[in-house]
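> Give me a 3D structure for the following:
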Amino acid sequence: MAGYIEDRWLTKRPDPTTSKKRRTALYGTGKRYKVAGIPGVRSKSFDHLGGPDGANAWMAKAQADTLRGEYIDPRDGKVTLAAYFDKQYWPTRTGDPSTLDTIERRVRVRILPHLGDMSLNAIRVPQLRAFLAALHGKYNANSIIETWGTLSTILHAAVDDEKIPKNPCLAKSVGPPSKTPVLARAWTRDRVSAVRKGLDARFQVMVDLGVGAGLRQGEVIGLSVDDIDEAAGLIHVRRQVRIIKSRQVYSLPKGGKIRTVPLPPILAQRIKEHRKAFPPISVTLPWLDPDPPETQKQAEERAPQTHTLLVSGEISKTAALRRSVFNEGPWKRALLAAGVILPPPEKQPGDRSNIKYAAAPADGFHALRHTFASVHLHERESVVAVAKWLGHADPSITLKIYAHMMPEADGRGRKAMDAWLGSLS
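Next up is the predicted model:
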């Protein structure tokens, strides 16, 4: 097997007169024994020849790892996690800009402040336990699971890049908390009505589209008057408005697929009334990525599009409604008016900060979409059809989310089994 150990303090051949090895110019300085000559392995020096940390043991392991194709030089793992992320991992990532933006913010806010200054080979199970403990005091279980998955992906890439021999996130004795099960909850008709009445008139059609057509909030904001086919009784869901790097863009709906949903007559009438009271506005936004294009291909892919949007904000008549502004303003005020959330604490004299309403994660705009699904499933509409209208890639996704909303499934089963058993002689 290739490889040898060099004594840096004494000559290889003895003195012909004394038959003893002579001292080299390096005698007494630096580490004495150097392992070299293993293909693909950088030389490494040691103080001792024997022992578990000596040159002989290291050379044997390096030779065995090289034969298996598993050799990783531990010195490559001395790069910090922050440096590896910024210089090697992140510049090579491609994909959906919104997803990338979310991942980058997650890394910089939740991971690097705790582990960024540590070298890759210093991140081990004890450090990961401390990391999880720090997250536990600030984030819920689902956020910690997302963060853990992102960290594991980065460290797995470091393994593939031959920076570290294994991913410590895969250790059996450490891991994120279990995911908190959350059942989708539909609103009652009274709650939908109360929240709708609590909204400014210009935003009430958003509730109609959410509960009447199952549109996501970004799809409602990006809905053009050209997407509404009243004659055919259909709404074509062709785009959404998203926030990428704090800027608005158009993009395909979630999952990258356009779809068509039924347009009930009452919803069509309410849309018509809304258009009369609040004329649609023309909004131009880049497609998918707000950054300036660097190539002709990017220029074509990101070319701005102009659409006449049904919903607009209270102030700007040239920009799409900003989701965060709506959610923390008109929507929270409507929830408060409907008695869904408690009033915010009274502001102290001189306090000019914005009103902080109570958090309402289960009562966001998405609750209207759950209600849409609930109504159809309760009326025994086909799961395949509901999945299509919701834009789910597969009906199994719809069942996973909304199976508990399907009425009397166990009751019908009991009756059927009772009748079947009763027919036995």
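> check which helix or strand covers the residue nearest to Arg106 when sequence neighbours are not counted.
Among residues not flanking Arg106 along the chain, Thr150 sits closest, at 5.5 Å (Cβ to Cβ, 6 or more residues apart in numbering). C-beta coordinates here come from the backbone N, C-alpha and C atoms, glycine included. When secondary structure is defined using DSSP states H and E, the element that contains Thr150 is helix 141-160.
> Same question for that helix: list its buried residues.
The neighbour-count criterion (16 or more other Cβ atoms under 10 Å) identifies 144-148, 150-152, 154-155, 157-159 as the buried residues of helix 141-160.
> cool, stretch 287-304 as well?
Residues of stretch 287-304 classed as buried under the neighbour-count rule (16+ other Cβ under 10 Å) are 287-290, 302.
> and Arg189, how many neighbours?
In terms of burial, Arg189 registers 11 neighbours under the definition other Cβ atoms under 10 Å.
> can you pull the contacts of Gln269?
Taking Cβ atoms under 8 Å, 6 or more residues apart in numbering, we find Gln269 in contact with no residue.
> Let me see the confidence value for it.
Turning to Gln269, the model gives it a pLDDT of 95.
> State the distance from it to Phe203.
18 Å (Cβ to Cβ, to the nearest Å).
> what ranges do the helices span in the stretch 1-150 of the chain?
For the stretch 1-150 of the chain, the helices defined by DSSP state H, counting those that start in this stretch occupy 55-68, 81-84, 97-106, 112-115, 125-136, 141-160.
> Any idea how many residues pack against Asp161?
Counted by other Cβ under 10 Å, the residues lying close to Asp161 total 16.
> Restrict stretch 159-167 to CA atoms and write it as CSV.
The C-alpha coordinates for stretch 159-167 follow below in CSV (Å, rounded to 0.1, in the frame of the first residue of the first chain):
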residue,chain,number,x,y,z
VAL,A,159,-20.2,15.5,3.5
ASP,A,160,-20.6,15.3,-0.3
ASP,A,161,-18.1,18.1,-0.7
GLU,A,162,-15.7,16.0,1.5
LYS,A,163,-15.4,18.5,4.3
ILE,A,164,-16.7,16.2,7.0
PRO,A,165,-17.0,12.4,7.1
LYS,A,166,-20.6,12.2,8.3
ASN,A,167,-23.6,14.4,9.0
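> quick one: that stretch to chain centroid distance?
Between the mean C-alpha location of stretch 159-167 and the chain-wide mean there is a distance of 23 Å, by Cα atoms, centre = their mean, to the nearest Å.
> about what we covered before: give the other helices and strands that the helix holding Thr150 contacts.
With contacts defined as 3 or more Cβ pairs under 8 Å, 6 or more residues apart in numbering; DSSP states H and E, helix 141-160 has these neighbours: helix 81-84, helix 97-106, helix 125-136.
> what sits up against it?
The list of residues contacting helix 141-160 from outside it, by Cβ under 8 Å, 6+ apart, reads 77, 81, 84-85, 89, 103, 106-107, 110-111, 115, 120, 123, 131-132, 135-136, 139, 164-170, 175-180.
> Can you say which of these are buried?
Buried subset of the contacts of helix 141-160 (neighbour count, 16+ other Cβ under 10 Å): 77, 81, 84-85, 89, 103, 106-107, 110-111, 115, 120, 123, 131-132, 135, 164, 167-169, 176.
> Taking the buried residues of helix 141-160 together, which two end up most distant?
The most widely separated members of those, counting by Cβ to Cβ, are Ile144 and Val159 (22.3 Å).
> so what's the nearest residue to Ser119 once chain neighbours are set aside up against?
Nearest residue to Ser119, sequence neighbours excluded (Cβ to Cβ, 6+ apart): Lys78, at 4.8 Å. Lys78 makes contact with 119-121, according to Cβ under 8 Å, 6+ apart.
> for these, which one is nearest Met59?
For Met59, the nearest member of those is Asn121. The distance, counting by Cβ to Cβ, is 19.9 Å.
> what's around the closest one, how many residues?
The number of residues packed around Asn121, counting by other Cβ under 10 Å, is 18.
> I figured it was touching Lys166, is that so?
No - using Cβ atoms under 8 Å, Asn121 and Lys166 do not qualify as a contacting pair, with a distance of 10.4 Å.
> which regions of the chain sit below the pLDDT cut-off?
Across the chain, the ranges flagged by pLDDT under 70 are 1, 68-77, 316-317, 350-352, 407-418, 420, 425.
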